[in-house]
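Student: give me coordinates for this.
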Amino acid sequence: MTTSKLPTIQFLGYNCKVTFGYYKDENLAIMLIDAETKEPIADATSNLPTFPLKSYEVLIKNYSENEGILQALIDGGIIEDTGIAISTGFVKLNLCNLLVEPEFNED
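Tutor: Residues are numbered from 1 along each chain as shown. So this is what the prediction gives:
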């Protein structure tokens with residue numbers, strides 16, 4: 001994992017800052033916020049509490065309103081796709097490895 005300042009991600013016509021958090025089960029969450037207004041743009045991850053993840057793994061929601069977010073995060077050097085798709089019963093989530101050290105907003 002790299003520890004440099006995270007790049008701005010282009011998604012849905014917005015310049016987005018990548019932010020991190022945790023789900024209740026302590027799986028990592030990735031969100032995109034507008035770099036200027038700080039308004040939320042997208043939740044990049046989904047959580048499946050029954051699917052065990054390593055600390056550097058995330059499940060990316062790359063369908064519906066999030067279509068294209070997987071490639072945007074790959075292009076930004078944030079994640080790499082493992083090529084594994086996890087079925088939720090209705091949709092599939094992309095299992096990805098985090099390539100950066102998460103930065104948590106203290107605001």
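
Student: residues contacting the closest residue to Y56 other than its chain neighbours?
Tutor: Nearest residue to Y56, sequence neighbours excluded (Cβ to Cβ, 6 or more residues apart in numbering): L98, at 4.7 Å. For every residue, glycine as well, the C-beta is placed using N, CA and C. Neighbouring residues of L98 by Cβ atoms under 8 Å, 6 or more residues apart in numbering: M1, L28, Y56, E57, V58, I78, I79.

Student: how close does the third one sit to E80?
Tutor: If I follow you right, that is Y56. Plainly put, Y56 is 10 Å away from E80 if you go by Cβ to Cβ, to the nearest Å.

Student: what residues do these two have in common as contacts?
Tutor: Counting by Cβ under 8 Å, 6+ apart, the residues touching both Y56 and E80 are N97.

Student: tell me where this protein has helices.
Tutor: 69-75 (DSSP state H).

Student: output the below-cut-off pLDDT ranges for the protein.
Tutor: Within the chain, the ranges that satisfy pLDDT under 70 run 1-4, 105-107.

Student: now the farthest one out in it, which residue is it?
Tutor: Most distant from the centre of the chain: G89, at 20.7 Å, with distances by Cα atoms, centre = their mean.

Student: related to what we said a few turns ago, so Y56 and E80 - more neighbours on which side?
Tutor: The neighbour comparison of Y56 against E80 (other Cβ atoms under 10 Å) goes to Y56, with 15 against 12.

Student: ok, back up a step: and the residue farthest from the centre of the chain, how close does it get to N66?
Tutor: The gap separating G89 from N66 is 18 Å, by Cβ to Cβ.

Student: now do F104
Tutor: In this structure, F104 and N66 are 22 Å apart, going by Cβ to Cβ.

Student: higher neighbour count, these two?
Tutor: Per other Cβ under 10 Å, whichever of F104 and N66 has more neighbours is N66, with 19 against 8.
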